[in-house]
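**Student:** Structure, please.
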Amino acid sequence: MTKEYTITVFSEHITGILSRVVSVFTRRHISIESLTTSQSSIEGIHRFTIVVVVKEDMVKKLVAQLDKQIDIIKAFYYEPEETVYQEIALYKVPFAMFCDGNKVERLVRAHNARILVIEPEYVVVEKTGYAAETEALLEEFKAIGDIYGFVRSGRVAIVKPMERLNRYLESLQVQEVS
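**Tutor:** Just a heads-up that it's a prediction; the model follows:
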């Protein structure tokens, strides 16, 4: 049975590593639902957050394959209940939408969104939440009228258990001392 998993990959921040990470998924014909990269909490270590929908045996194989890559420090996978995650979405809507009473203003408030930019032609609205929440606001904007633009980030996630990378790095130091 397929399920959604969040994979975190830790590496040094070097040129070409993204291509090598993505190639692991491409070779296995796995579609990546979401991919974000950033620095991690440890200086000099980069973090990839990748969302896939696969069977558990496949996610285990993916993580094992990622661990074998040169310059990958360690990879882990998590089920949704083991992470706290959000996405951010930006909507570029016609300024005229806001001129028809308080409907759009109430919509923005009801979705806990916020207005970032007001220009004579358009307004940029930001919504942080789960993909279903950002999609719901998009559909409501579309029901009111045409929108000029929509973009959503990939998942940004932090795991609920203590960070496994720290324990992994500590175990390597203990092995070096022994």
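
**Student:** Would you map the helices across this structure?
**Tutor:** 17-27, 56-68, 103-110, 131-144, 164-177 (DSSP state H).

**Student:** How is the chain partitioned into domains?
**Tutor:** By the assignment in automatic domain parsing, the chain contains the domains 3-78, 84-152.

**Student:** could you point out the longest strand in this protein?
**Tutor:** Taking DSSP state E as the criterion, the chain has its longest strand at strand 83-94.

**Student:** contacting residues around G129?
**Tutor:** Counting by C-beta atoms under 8 Å, 6 or more residues apart in numbering, G129 makes contact with 86-87, 89, 112. Placement of C-beta: from N, CA and C, glycine included.

**Student:** Let's see if you can find the most crowded of those residues.
**Tutor:** E87 (22 neighbours; other C-beta atoms under 10 Å).

**Student:** What's the separation between that residue and H111?
**Tutor:** Distance of E87 to H111, given as C-beta to C-beta, to the nearest Å: 14 Å.

**Student:** remind me which residues of this protein are low pLDDT?
**Tutor:** Across the chain, the ranges flagged by pLDDT under 70 are 162-178.

**Student:** Now for C99, how many residues are close by?
**Tutor:** Neighbours of C99 (other C-beta under 10 Å): 8.

**Student:** swap in Y122?
**Tutor:** Look at Y122: counted by other C-beta under 10 Å, it has 19 neighbours.

**Student:** residue contacts, the residue nearest the centre of the chain?
**Tutor:** Most central in the chain under C-alpha atoms, centre = their mean is R155, positioned 1.5 Å from the mean C-alpha point. Contacts for R155 (C-beta under 8 Å, 6+ apart) come out as 6, 34, 36, 49, 51, 85-87.

**Student:** now with 7 Å?
**Tutor:** Counting by C-beta atoms under 7 Å, 6 or more residues apart in numbering, R155 touches 6, 34, 36, 49, 51, 85, 87.

**Student:** For PyMOL, write a command that selects the buried ones of those residues.
**Tutor:** Buried residues within these, by 16 or more other C-beta atoms under 10 Å, are selected in PyMOL with:
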select buried, resi 6+34+49+51+85+87
